[in-house]
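**Q** turn this into a structure:
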Amino acid sequence: MAGIMQSLKSVGQSWRVTVFVTALSAASGVLQTKWAYGEDGLPARLESAVRPFITNHQLAGSVMVVADTHKILHTITLGWADLEAKRPMQTDTIFWIASQSKPITATALMILVDEGLVHLDDPVEKYLPEFHGQWFVAEATEDHVLLKRPSRPITVRDILSHTSGLPFRSALEVPTLDVFPLAARVRSYAMTPLLFDPGSRYQYSNAGINTAARIVEVVTGKRFEEFLKERIFEPLGMKDTTFWPDGEQLSRLAKAYRRDAHSGDLVAVEIDQLAYPLNDRQNRYPIPAGGLFSTAADLVRFYQMLLNNGTFAGKRLISEDAVREMTSRQTPPGVAESYGLGFVVNGPVFGHGGSHGTNTLADRRRNAIFVWLVQHAGPEAQEAFRQVDQIFSEWLAAPN
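**A** Numbering: from 1, shown residues only. Now for the predicted structure:
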């Protein structure tokens, strides 16, 4: 996030809408986009940065969206959702958004904080008794492991900010993360020693965010996926956001690819963190920290709600205080990582990335949203994102 995560100059809020049409180029086999755009030229610059990655077989395709607090301004679809079938990326292509699920899970828990049913500085064991009496690893060598009692129990704030000491996952979540019910997986975290004394360090942890979702289930008596649907997805109109894409949604799913180091060609791969088939509701369980599928339009709605301080289409989902807590740094001053509650934060900029290259960013100074969706298992997606991130940052900082 080199570009957007730098300090930007304060800018105005004058926007220009882009209109686009798409056509296939038989010569290149790449989705071509012809633009009619305003003076800012942002769509053409973003397209020119990404197209070489597709032409050079580094990425199959991408969807990029720029939005403000009320509308989508630019949509750029490039390349293929399915290379073999020659199915192009579309505005409604569905992606596994992976860890972009974390901000959504954090929002679900903050709804309960707003309602006074959960408190951020309460011990997790208040809601989940299995976490009582944990230990942490004070010293570990090849010969022995020294365990100590933590100075305090882990808190709700800790699990949302990756400062609890919980590991990324437990032994129960191997080889995939979704084959046991959420309650069983969370119990396995409670049985696993913490990696450090709570609040002293940062350790990115799926386990912490999944634990937050389990608190939602215990406090409300509802399955987590039901709570998300009722309190977030339906109010926001996020009709394509789900843990289990159905048959029609699977027909719009972007295939995952990686670049073969020897041939240089793109090779289709399965998502190794998930069990297949993806629409199996009997044997696959929600991963609140990284299991959601979604579209660019759905993600825009979620971030519009946040930039509007918790409201969407005139209805309030969460309080302004909740948005402020989530999108403000929560990690200790001595820790390099700047993380809020479910969000990566840097001053007025907040958002989250995900495995297989996806990313979404929001900047309060110009109330701008940038969604970057690819489905790629390799460093090429991050390199492409660095370039478009820089372009987007420069556009935000430019005078109107």
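**Q** list the contacts of T69.
**A** Taking CB atoms under 8 Å, 6 or more residues apart in numbering as the contact definition, T69 lies against Q304, L307, N308, N367. Where C-beta positions appear, they are placed from N, C-alpha and C, glycine not excepted.
**Q** for it, grab phi and psi.
**A** phi -70, psi -10 (degrees, to the nearest 10).
**Q** how near is it to F196?
**A** Going from T69 to F196 by CB to CB, to the nearest Å gives 39 Å.
**Q** before we move on, back to that, among the contacts of T69, which ones are in helices?
**A** With helices defined by DSSP state H, the entries of these inside them are Q304, L307.
**Q** ok, so of the contacts of T69, who is nearest S161?
**A** Within the set of those, L307 lies nearest S161; the separation is 21.2 Å, counting by CB to CB.
**Q** report how many residues lie close to that closest one.
**A** L307 sits with 21 neighbouring residues when counted by other CB atoms under 10 Å.
**Q** residues contacting it?
**A** T69, A362, R364, N367, I369.
**Q** buried subset of those residues?
**A** Applying a neighbour-count criterion of 16 or more other CB atoms under 10 Å, the buried members of the contacts of L307 are T69, A362, N367, I369.
**Q** export those to TSV and tack on distance to A85 and pLDDT?
**A** Below are those laid out as TSV (distance: CB to CB, whole Å; pLDDT from 0 to 100):
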residue	distance to A85	pLDDT
T69	37	96
A362	34	97
N367	38	95
I369	31	98
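**Q** among those, which one lies nearest to T93?
**A** Proximity of the buried ones among the contacts of L307 to T93, judged by CB to CB, is greatest for I369, which lies at 17.9 Å.
**Q** so which bits of stretch 358-365 are buried?
**A** Taking 16+ other CB under 10 Å as the basis for neighbour counts, the residues of stretch 358-365 that come out buried are T358, N359, T360, L361, A362, D363, R365.
**Q** could I get the residues you listed in a markdown table, plus columns for distance to Q100 and secondary structure?
**A** Shown next, in a markdown table, are these (distance: CB to CB, whole Å; DSSP: H, G, I helix; E, B strand; the rest coil):
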| residue | distance to Q100 | secondary structure |
| --- | --- | --- |
| T358 | 6 | coil |
| N359 | 8 | strand |
| T360 | 6 | strand |
| L361 | 11 | strand |
| A362 | 12 | strand |
| D363 | 17 | strand |
| R365 | 22 | coil |
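**Q** all strands of the stretch 251-400 of the chain, in order?
**A** With DSSP state E, counting those that start in this stretch as the criterion, the stretch 251-400 of the chain has strands at 256-259, 266-269, 293-294, 311-312, 315-316, 344-346, 349-353, 359-363, 368-373.
**Q** who does the longest one pair up with?
**A** So the one you mean is strand 368-373. Each strand pairing with strand 368-373, determined using DSSP bridges, is listed with its direction: strand 61-67 (antiparallel), strand 359-363 (antiparallel).
**Q** out of the ones you listed, nearest to L147?
**A** Using CB to CB as the criterion, the shortest distance between L147 and the strands paired with strand 368-373 is 37.5 Å, found for strand 359-363.
**Q** convert that closest one to PDB, retaining C-alpha atoms only.
**A** Taking Å, rounded to 0.1, in the frame of the first residue of the first chain, the C-alpha atoms of strand 359-363 are listed here in PDB:
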ATOM      1  CA  ASN A 359      -7.600  -5.000  -1.600                       C
ATOM      2  CA  THR A 360     -10.000  -2.200  -0.700                       C
ATOM      3  CA  LEU A 361      -9.000   1.300   0.600                       C
ATOM      4  CA  ALA A 362     -11.000   4.300   1.800                       C
ATOM      5  CA  ASP A 363      -9.600   7.800   2.300                       C
END
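**Q** between it and strand 349-353, how many degrees?
**A** Using axes from the mean of the first three to the mean of the last three CA atoms, to 10 degrees, the interaxial angle of strand 359-363 with respect to strand 349-353 works out to 170 degrees.
**Q** what separates strand 359-363 from the chain centre, distance-wise?
**A** Using CA atoms, centre = their mean, to the nearest Å, the mean C-alpha position of strand 359-363 is found 10 Å from that of the whole chain.
**Q** what lies in contact with stretch 172-179?
**A** 169, 180, 184-185, 188, 206, 272-275, 283-287, 290-291.
**Q** would you mark the buried spots in it?
**A** The neighbour-count check on stretch 172-179 (16+ other CB under 10 Å) flags L172, E173, L177, D178, V179 as buried.
**Q** ok, which pair from these is furthest apart?
**A** The distance between the two most remote of the buried residues of stretch 172-179 (CB to CB) is 11.2 Å, for L172 and D178.
**Q** element containing the residue lying farthest from the centre of the chain?
**A** Among residues of the chain, the one most distant from the C-alpha centroid is D143; the distance is 38.8 Å, by CA atoms, centre = their mean. If you go by DSSP states H and E, D143 is not part of any helix or strand.
**Q** cool, and the one 10 residues further on?
**A** Take DSSP H and E as the rule and P153 turns out to sit in neither a helix nor a strand.
**Q** list the contacts for it?
**A** Listed by CB under 8 Å, 6+ apart, the contact partners of P153 are P123, V124, E125, F131, H132, Q134, P198.
**Q** burial of P103, as a residue count?
**A** Using other CB under 10 Å, P103 has 26 neighbouring residues.
**Q** brain fart, A85
**A** Other residues lying near A85 total 9 when counted by other CB under 10 Å.
**Q** strand partners (parallel or antiparallel) of the strand ranked longest in the chain?
**A** Longest strand in the chain by number of residues, with DSSP state E as the criterion: strand 72-82. Each strand paired with strand 72-82, and its direction, by DSSP bridges: strand 61-67 (antiparallel), strand 87-88 (antiparallel).
**Q** which regions of the stretch 301-400 of the chain sit below the pLDDT cut-off?
**A** Low-confidence segments of the stretch 301-400 of the chain (pLDDT under 70): 400.
**Q** show me where the stretch 201-350 of the chain has helices.
**A** Taking DSSP state H, counting those that start in this stretch, the helices of the stretch 201-350 of the chain run over residues 206-220, 224-228, 234-236, 247-250, 296-307, 320-326.
**Q** thanks again, I'm all set now.
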